[in-house]
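Participant: give me a model of this one.
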Amino acid sequence: TIMMRTALVLVVALAAAMVSGEICSSPKVTATSYGNGNSQMFSQTSFSVDFSVQCDDEDFEDTLYALVGDSFQLVPQDEVGNYQVSWFTKHKDSISGSDSIKIFDAEGYAKASQALRESSSISGMEAFSVSSSYSETFNFDLPVAVEFFVMAGCVYGVYFLGSFLF
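Facilitator: Reported below is the predicted structural model:
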């Protein structure tokens, strides 16, 4: 009976390990994305995707990793269980449209990072993907900086005030 109990404990532990290896059978992901590409104020375009994950109508709270470009980053999680992926690109590299960010659990991250080191495909290793959409705004670039016009206005104001008083 001791051997049967030990075998039963091993089978239960093995089943639990196999179940914990995947995020869940069909995760429900709710995501919101936004980007800011104002070249007059910033040197790069910023992107951010906020998302939450539910498994079997329960909030999922575990460590997740995102593949952004060619590198992985740990996905931070807030106190209520929402996740956020953020990244920056050069303005000339950010184009309007939609992009898919692959999200990995710890096991998938380990397998995918090893596959990337070996130059293998990581297709299908992600737990799920979130979509990021960006609509490029029209940037009117002046031939001179805005500060030039402000300084010229100040000089004109001082000149006008000086000629009026004297």
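
Participant: from here on, just use CA atoms for contacts and neighbour counts.
Facilitator: OK.

Participant: just for this protein, where's the confidence low?
Facilitator: The chain contains residues with pLDDT under 70 at 1-23, 37-42, 59, 94-97, 134-142, 166.

Participant: list the contacts of stretch 70-89.
Facilitator: With contacts defined as Cα atoms under 8 Å, 6 or more residues apart in numbering, stretch 70-89 is touched by 44-53, 59-61, 63-68, 113.

Participant: could you flag which of those are buried?
Facilitator: 44-53, 60-61, 64-68, 113 (16 or more other Cα atoms under 10 Å).

Participant: tell me which of the contacts of stretch 70-89 fall in strands.
Facilitator: Secondary structure of those is defined by DSSP state E; positions in strands are 44-53, 59, 64-68.

Participant: farthest-separated two in those residues?
Facilitator: Gln44 and Asp59 (33.8 Å; Cα to Cα).

Participant: for Lys28, list the residues it contacts.
Facilitator: Val53, Gln54, Cys55.

Participant: turn these into JSON lines, including distance to Val85.
Facilitator: Shown next, in JSON lines, are the contacts of Lys28 (distance: Cα to Cα, whole Å):
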{"residue": "Val53", "distance to Val85": "14"}
{"residue": "Gln54", "distance to Val85": "17"}
{"residue": "Cys55", "distance to Val85": "20"}
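
Participant: and which of the residues you listed is nearest Gly162?
Facilitator: Nearest to Gly162 among the contacts of Lys28, with distances taken as Cα to Cα, is Val53, at 65.6 Å.

Participant: spatially nearest residue to that closest one (excluding sequence neighbours)?
Facilitator: Once flanking residues are discounted, Val53 sits nearest to Val29: 4.7 Å by Cα to Cα, 6 or more residues apart in numbering.

Participant: can you give me the buried ones in the helix or strand where the one you found lies?
Facilitator: Per DSSP states H and E, Val29 falls inside strand 28-36. Judged by neighbour count (16+ other Cα under 10 Å), strand 28-36 contains these buried residues: Lys28, Ala31, Ser33, Gly35, Asn36.

Participant: any chance of these in TSV, with distance to Lys102 too?
Facilitator: Below are those laid out as TSV (distance: Cα to Cα, whole Å):
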residue	distance to Lys102
Lys28	15
Ala31	13
Ser33	14
Gly35	18
Asn36	21
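
Participant: state the three-state secondary structure for Pro143.
Facilitator: coil (DSSP: H, G, I helix; E, B strand; the rest coil).

Participant: I'd like to know how far it sits from Tyr156.
Facilitator: 20 Å (Cα to Cα, to the nearest Å).
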